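K.L.:
coordinates only, sequence not included:
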């Protein structure tokens, strides 16, 4: 059974800092991995999708990496801004297209 | 392109009542998924439609939950009768094609409170 872990549960950083959010999963037999952002009371916004054959994906100030064999992914946020404050969720797509989610990391970027 | 929409955004009902949630996927997306997050837990898969067919309903908690997708367009998720533990946020997602490699796009969710 796939399990996804995101540690720590919460993170507070000053504006401008580069930061790394971690995600680990127990079963390396995945099709892809998605990083999502969720603002309070809102839905999930897909940030990046990494296929199992890829090592990383970039979008603007975001870079996600995937090491399938070790069951790890990281989301790198460059030059963090207060508007980046949100909950970041990692989800792996394994058998039958269903996503298995971590509990998320709540990020607060202080001005 | 319109995103995934869900209705209602909030629903408050009493234990024993019936509630029906609706999801409209992105136009042209064959795959439709329902997920749920209960308080303090991670988001969990409920079921997956490919067009009008249930591909996987292994995450449905019990037979009080009934999902339909008539005509392969919008989907409904009915809870009857609702219990206290059904409270949570119900998300719908959709993706194109029949490949497991495709990105899933989520709706804003329906927050269900059972009193």
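P.N.:
Looks like it arrived, so ask away. Because the structure is predicted, anything quoted here is derived from the model rather than measured.

K.L.:
drop to CA atoms for contacts and neighbour counts, all remaining ones
P.N.:
Will do.

K.L.:
Run through the residues that contact residue B:34.
P.N.:
Residue B:34 is in contact with B:45-48, B:90-93, counting by CA atoms under 8 Å, 6 or more residues apart in numbering or on different chains.

K.L.:
Can you pick out the most distant pair from the residues you listed?
P.N.:
Across the contacts of residue B:34, the longest distance by CA to CA is 13.7 Å; it joins B:48 and B:90.

K.L.:
Next to chain A, which bits of chain B? Give me the list.
P.N.:
Taking CA under 8 Å from any CA of the partner chain as the criterion, chain B approaches chain A at residues B:41-45, B:48, B:56, B:91, B:100-101, B:103-109.

K.L.:
Looking at those, which are in strands?
P.N.:
Members of the residues of chain B next to chain A lying in strands (criterion: DSSP state E): B:44-45, B:48, B:56, B:91, B:105-106.

K.L.:
What does the residue of chain A found nearest chain B show for phi and psi?
P.N.:
Closest contact between chain A and chain B, by CA to the nearest CA, is at residue A:43 (3.7 Å). Dihedral angles of residue A:43 (phi, psi; degrees, to the nearest 10) stand at phi -80, psi -170.

K.L.:
in the lowest-mean-pLDDT helix or strand in chain B, what counts as buried?
P.N.:
Least confident element among the helices and strands of chain B, by mean pLDDT, DSSP states H and E: strand B:53-56 (a mean of 91). Within strand B:53-56, the residues scored as buried using 16 or more other CA atoms under 10 Å in any protein chain shown are B:54-56.

K.L.:
What strands line up against it, and which way round?
P.N.:
When sheet partners are counted by DSSP bridges, strand B:53-56 sits next to strand B:44-50 (antiparallel).

K.L.:
next one: the strand it pairs with to chain centre, how far?
P.N.:
Strand B:44-50 sits 8 Å away from the centroid of its parent chain (CA atoms, centre = their mean, to the nearest Å).

K.L.:
Same question for stretch B:28-36.
P.N.:
Between the centre of stretch B:28-36 and the centre of its chain there are 8 Å (CA atoms, centre = their mean).
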